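> With the input below, show me the fold.
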Amino acid sequence: QVQLVESGGGLVQSGGSVRLSCVGSGLTFSAYAIGWFRQAPGKEREVVSAISRSGVGTYYGPSVTGRAAISKDNAKNTVYLQVDSLKPEDTAVYYCAARSGMIHTHEDYDYWGQGTQVTVSS
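Okay, here's the model as predicted:
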């Protein structure tokens, strides 16, 4: 059974940083591209970042470009997402997702985690 478990969310002050983790089980991360998405109340889910199977290729959505870093440790089946200079509009539930094949910025992913809440206070 495939599971993706996100952690690292919480309440953060504006201007602070958050480091999210996504740990997978039941799948081999080296065969999957991993994406981070977020959904704020009343808004559609949007892509935040994504990383390729090897970890070499990365993508950052316009909302976090320049202040986020995604990394992957295939040996630990773990992907990390750090977002700096947080703003109240970064408040959302952050989800990681796994996709067999190429990196992708749409929601065409095979497996999803349950999400972790990030709340940025002003």
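
> Can you classify residue 109 by secondary structure?
coil (DSSP: H, G, I helix; E, B strand; the rest coil).

> Tell me how many other residues crowd the nearest residue to it once chain neighbours are set aside.
The shortest distance from residue 109 to any residue other than its chain neighbours is 3.6 Å, reached at residue 97 (Cβ to Cβ, 6 or more residues apart in numbering). In this view, the C-beta of every residue, glycine as well, is placed from N, C-alpha and C. The tally of other residues near residue 97 (other Cβ atoms under 10 Å) stands at 23.

> what does residue 42 give?
Burial of residue 42 is recorded as 5 neighbouring residues (other Cβ under 10 Å).

> Which helix or which strand is home to the spatially most central residue of the chain?
A centroid search over the chain (Cα atoms, centre = their mean) returns residue 36, at 2.6 Å, as the residue closest to the centre. Counting by DSSP states H and E, the element that carries residue 36 is strand 32-39.

> Each with direction, which strands does whatever helix or strand comes next after that strand pair with?
Proceeding N to C from strand 32-39, the next assigned helix or strand is strand 46-51, under DSSP H and E. Strands adjacent to strand 46-51 in the sheet, as given by DSSP bridges, are strand 32-39 (antiparallel), strand 58-60 (antiparallel).

> about what we covered before: who are the contact partners of the residue nearest to the centre of the chain?
Counting by Cβ atoms under 8 Å, 6 or more residues apart in numbering, residue 36 makes contact with 20, 22, 47-50, 70, 79, 81, 94-97.

> The closest residue to it other than its chain neighbours - how many residues pack around it?
Taking Cβ to Cβ, 6+ apart as the measure, residue 36 lies nearest to residue 48, with 4.3 Å between them; neighbours along the chain are not counted. By the measure other Cβ under 10 Å, the count of residues near residue 48 is 25.

> repeat for the one 3 residues further on
Here the count is done by other Cβ under 10 Å, and residue 51 has 23 residues near it.

> Check residue 107 too.
Burial of residue 107, expressed as a neighbour count using other Cβ under 10 Å, amounts to 15.
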